[in-house]
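>>> how would this look folded up:
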Amino acid sequence: MEAVSTLDIKKAKVDHDIHPLIQKRWSPRSFADKDISSAQMEELFEAARWSASANNEQPWEYVYALRGTAGFDQLWECLLPGNQPWAKDAAALVVAIKRNTFAATGKPNPWGLHDVGLANAQLLLQAAHRDIYGHMMAGFSAAKASEALSLSEDQTPVCMIALGYLGEAEALQEPYLGRELAERNRKPVTEFTRKI
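Numbers count the residues shown, from 1 in each chain. Alright, predicted model coming up:
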């Protein structure tokens, strides 16, 4: 019997027609031993750059490091133990950061978190376009990241992202292997929408 690839398992089984990149995007834990260049990272950040934001504030900042560097090890140390075993094989680690105030006025930006999330989504879709996959993680120490990156009080780490090319699921140990091979599912549209 022919092995089923994780790409086949993870492709979204949709009820409505959506863009193939959205259908393709998912969050793997197994990454191949293939590097991402700084130029490729800049392309992903260019996609984030053109995201919408309140008052065109663009309240996102990114700090990244490539595998095999001291910076990568520094960011890896910020991850919680549940993410460290598999994230060590990512080609890059990224910290997405929110600026908490509007640059023009210094007043709090209550929409900043939404805007960073939208920028992250565009980054991940551009990555998927290039067959690069990203896994966003809440499982990290914001305090460690803030200290390691010397962030100010106006900067809040929102999430970390592991980026890389897909590896073989079988390279993972449990419980990660089972998660890698499990089909994706989502609530149906009717569960989270209502027409009035």
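>>> I'd like the average pLDDT over the longest helix along the chain.
Ranked by number of residues, the top helix in the chain under DSSP state H is helix 112-129. Average pLDDT, helix 112-129: 98.
>>> now do stretch 171-187
92.
>>> that stretch: which residues count as buried?
For stretch 171-187, the neighbour count (16 or more other Cβ atoms under 10 Å) marks 171-172, 176-177, 180 as buried. Just so you know, the C-beta spots here come from the backbone N, C-alpha and C atoms, and that holds for glycine as well.
>>> for the chain, which segments count as helices?
Here the chain has its helices, by DSSP H, at 6-10, 20-24, 38-49, 70-76, 84-87, 112-129, 142-148, 176-181, 189-192.
>>> closest one to E57 among these?
When these are compared by Cβ to Cβ, helix 112-129 sits nearest E57, at 7.0 Å.
>>> show me what the closest one is packed up against.
Where contact means 3 or more Cβ pairs under 8 Å, 6 or more residues apart in numbering; DSSP states H and E, helix 112-129 is packed against helix 20-24, helix 38-49, strand 60-66, strand 92-99, strand 133-137, strand 155-164.
>>> what's the angle between the fifth one and strand 92-99?
Between the axes of strand 133-137 and strand 92-99, defined by axes from the mean of the first three to the mean of the last three Cα atoms, to 10 degrees, the angle is 50 degrees.
>>> returning to what we had before: mind telling me which of the helices and strands packed on helix 112-129 the model trusts least?
Ranked by mean pLDDT, these bottom out at helix 20-24, which scores a mean of 92.
>>> pull the residues that contact that one.
Here helix 20-24 makes contact (Cβ atoms under 8 Å, 6 or more residues apart in numbering) with 7, 11-12, 14, 125, 128-129.
>>> repeat that with 6 Å
Helix 20-24 is contacted from outside by 11-12, 125, 128-129, using Cβ atoms under 6 Å, 6 or more residues apart in numbering.
>>> related to what we said a few turns ago, and of the helices and strands packed on helix 112-129, who's closest to N120?
Among these, the nearest to N120 by Cβ to Cβ is strand 92-99 (5.6 Å).
>>> who does that closest one pair up with?
Neighbouring strands of strand 92-99 in its sheet, by DSSP bridges, are strand 60-66 (antiparallel), strand 155-164 (antiparallel).
>>> quick one: the last one to chain centroid distance?
Averaged C-alpha coordinates place strand 155-164 at 7 Å from its chain's average position (Cα atoms, centre = their mean, to the nearest Å).
>>> report the angle between that strand and helix 38-49.
Using the same axes, to 10 degrees: strand 155-164 against helix 38-49 is 130 degrees.
>>> tilt between strand 155-164 and helix 112-129?
Per the same axes, to 10 degrees, the angle that strand 155-164 makes with helix 112-129 is 10 degrees.
>>> can you check the shortest one too?
Strand 60-66 and helix 112-129 meet at an angle of 40 degrees, taking the same axes, to 10 degrees as the criterion.
>>> distance between strand 60-66 and the chain's centre?
Distance, centroid of strand 60-66 to centroid of chain: 11 Å (Cα atoms, centre = their mean).
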